[in-house]
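> Okay, sequence plus prediction incoming.
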Amino acid sequence: MHTPLLLATTAALLLAAATIPASAQDLPDAEIAKLFPRQTCANTCTEWTPCCSGTFCRRDPVAGCLLTEGCDPSKSFGGKCIPVPLCKSFREDFNDPKVLINKTNYTHPDAASFWKEYSGTDNAYIEGGNLVLELKWSDAAKEGKGGGQGATIPGLRYMQYGEITARIKTAPGRGVVSSFITKTSISDTIGDELDFEMLGANPSEIQTNFYVNGQLDWTKGGKWYFPSGSGQSHDSDYHTYTLDWKPDRTRFLIDGKEIRSFTPADVKNDYPRAIQRVFFSVWDAGCNTLKGTQDWAGGETDWCKDASKRGQVRKMFVDWVEIKCFQEDTRKADTFDIKFADPNAASGSNNGGGSTSGNAGQGVGGGSNGGVRSTTGNAGGANAGDAMGSASDLGAKAAAAMVAGLGLAGAVFALFA
């Protein structure tokens, strides 16, 4: 019965469970769904439009099937959404334009590194070995009041602890903010967050902050300055910024030098533990914003009242980014596929119900023998058994079960699989 190995492995898993928070340890869809806002459908979706999102049944990987984008497993066909892709260590030098995609073109977390969160308006591209984020004047920005239209570029995978380093040159100008952060959700009021924020109004100052459980507590912020007389600034030079986030300590580093750190005890256990992903962004905080935001950003952006400045483009450059995971996602690639019934391969009675992507109503008819396709073109499901099937020893099976999201109970169960 492998009793000694069982006891040793179980002890190791219990130790791991003590340091890995529940949001990553217990990855069943129903648990992760609690981290992200969603609306649900009146009825359970069919195989033709299998993913429930925003009250509609859909067949779109992003708008419908991604758990992190609002998919509701309780009303999706087979109770499934595309699970959360977790961390894989990598370095991106931004030499290939294909690493940045429009969000609407997402197919798989291994197909690119980053997406444009607002595909129609994000001013971002790859050029000269940099990810370039632009801030431009737009009459339509700020709910039609006018202001800078910037860019928000998140990574495709989530992490729970790890080290992220990026080499960045920021965008200049009063009211302009360049950010390198990690956060759970695009919403500021959900999950946790770690921040580097650089204000164009003060190019010698670096601001750091962190938030927990969506509570925007600005008293936790910190400031650091380049040495007086050094001639250094964040908008004229490239600098490396590191977020070193571990279960027992978080550190902020500039050019390899620690500028801030804290432990759970230091912050009375109000410590960031939820899964997060990296974001780069540039935005206009000084034009048609709340007075408190404008004051924080150093005042009104010059183009807010001076129309002659509105042809200017403020640019943030990211030369490279490197992510070192605390725990690697070892699940198979097809874990992130979703099977869609293919109307072209359908046979049988023409009575398949459902809604089209983004629209309520009747969908394409199809019989019970309709074909299926996956989001990456590879038929065949991914499940925890597949993820563990290649493990040759009991300890590897248990570790794979933890990564696959089965939690401690599933990992112990895997010992007997």
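Thanks, I have it.
> residue contacts, the closest residue to residue 173 other than its chain neighbours?
Leaving aside its chain neighbours, residue 173 sits nearest to residue 200 (4.1 Å; criterion: Cβ to Cβ, 6 or more residues apart in numbering). (Glycine included, C-beta is placed from N, CA and C.) Under the criterion of Cβ atoms under 8 Å, 6 or more residues apart in numbering, the neighbours of residue 200 are 170-178, 235, 297-298, 314.
> Residue 294: what secondary structure?
At residue 294 the chain is in helix, as set by DSSP: H, G, I helix; E, B strand; the rest coil.
> And it, how far from residue 201?
Noted for residue 294: a distance of 10 Å to residue 201, by Cβ to Cβ, to the nearest Å.
> Could you do residue 240 as well?
Distance of residue 240 to residue 201, given as Cβ to Cβ: 23 Å.
> Please say which of those two ends up with more neighbours.
More neighbours surround residue 201 than the other of residue 240 and residue 201, with 19 against 16 (other Cβ atoms under 10 Å).
> Isn't the more buried one up against residue 297?
Yes - under the criterion of Cβ atoms under 8 Å, residue 201 makes contact with residue 297 at 6.3 Å.
> got any residues that touch both of these two?
Both residue 201 and residue 297 are in contact with 174, 175, 176, where contact means Cβ under 8 Å, 6+ apart.
> could you dump those to JSON lines with secondary structure?
What follows is those, written out as JSON lines (three-state DSSP):
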{"residue": "174", "secondary structure": "coil"}
{"residue": "175", "secondary structure": "coil"}
{"residue": "176", "secondary structure": "strand"}
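> from those residues, which is closest to residue 263?
For the shared contacts of residue 201 and residue 297, the minimum distance to residue 263 (Cβ to Cβ) is 33.4 Å, reached by residue 176.
> For the closest one, give me its contacts.
135, 148, 199-201, 282-286, 297, 301, 314.
> bridging residues for it?
Each beta-bridge partner of residue 176 is listed here, defined by DSSP bridges: residue 284.
> And it, how far from residue 286?
Using Cβ to Cβ, residue 176 is found at 7 Å from residue 286.
> what residues do the two have in common as contacts?
Listed as contacting both residue 176 and residue 286 by Cβ under 8 Å, 6+ apart are 297, 301.
> Let me see the ranges of the helices in this protein.
When assigned using DSSP state H, the helices of the chain occupy the ranges 3-19, 22-25, 29-32, 291-296, 384-389, 394-403, 407-414.
> hang on, the earlier thing: show me which of the shared contacts of residue 201 and residue 297 is closest to residue 60.
Nearest to residue 60 among the shared contacts of residue 201 and residue 297, with distances taken as Cβ to Cβ, is residue 176, at 34.3 Å.
> Would you mind identifying the helix or strand in the chain with the lowest mean pLDDT?
None of the helices or strands of the chain scores lower by mean pLDDT, DSSP states H and E than helix 384-389, at a mean of 30.
> okay, how far is it across stretch 48-65, tip to tip?
Separation of the first and last residues of stretch 48-65 by Cα to Cα, to the nearest Å is 13 Å.
> and if you look at stretch 78-92?
Between the opening and closing residues of stretch 78-92 there is a gap of 36 Å (Cα to Cα).
> Identify the residues contacting stretch 281-288?
Under the contact criterion Cβ under 8 Å, 6+ apart, stretch 281-288 has outside partners 133-135, 141-142, 145-153, 170-171, 174-179, 181, 293-294, 296-301, 303-304, 314-316.
> Among the residues you listed, name the ones in strands.
In this view, those that belong to strands under DSSP state E are 133-135, 147-149, 151-153, 176-179, 181, 314-316.
> Who are the contact partners of residue 50?
Residue 50 makes contact with 57, 59, 65, 76, 77, 78, 80, 338, 339, 340, 341, according to Cβ under 8 Å, 6+ apart.
> Tell me where the chain is predicted with low confidence.
Counting by pLDDT under 70, the ranges of the chain that qualify are 1-38, 343-417.
> and it, what are its domains?
When the chain is parsed with the TED database, its domains come out as 32-79, 90-333.
> any idea where the strands of the stretch 151-300 of the chain begin and end?
In order along the chain, the stretch 151-300 of the chain carries the following strands (DSSP state E, counting those that start in this stretch): 151-154, 162-169, 176-183, 193-199, 205-211, 222-225, 239-245, 250-254, 257-262, 277-284.
> where does the third one sit relative to the chain's centre, distance-wise?
Its chain's C-alpha centre lies 14 Å from the corresponding centre of strand 176-183 when counted by Cα atoms, centre = their mean, to the nearest Å.
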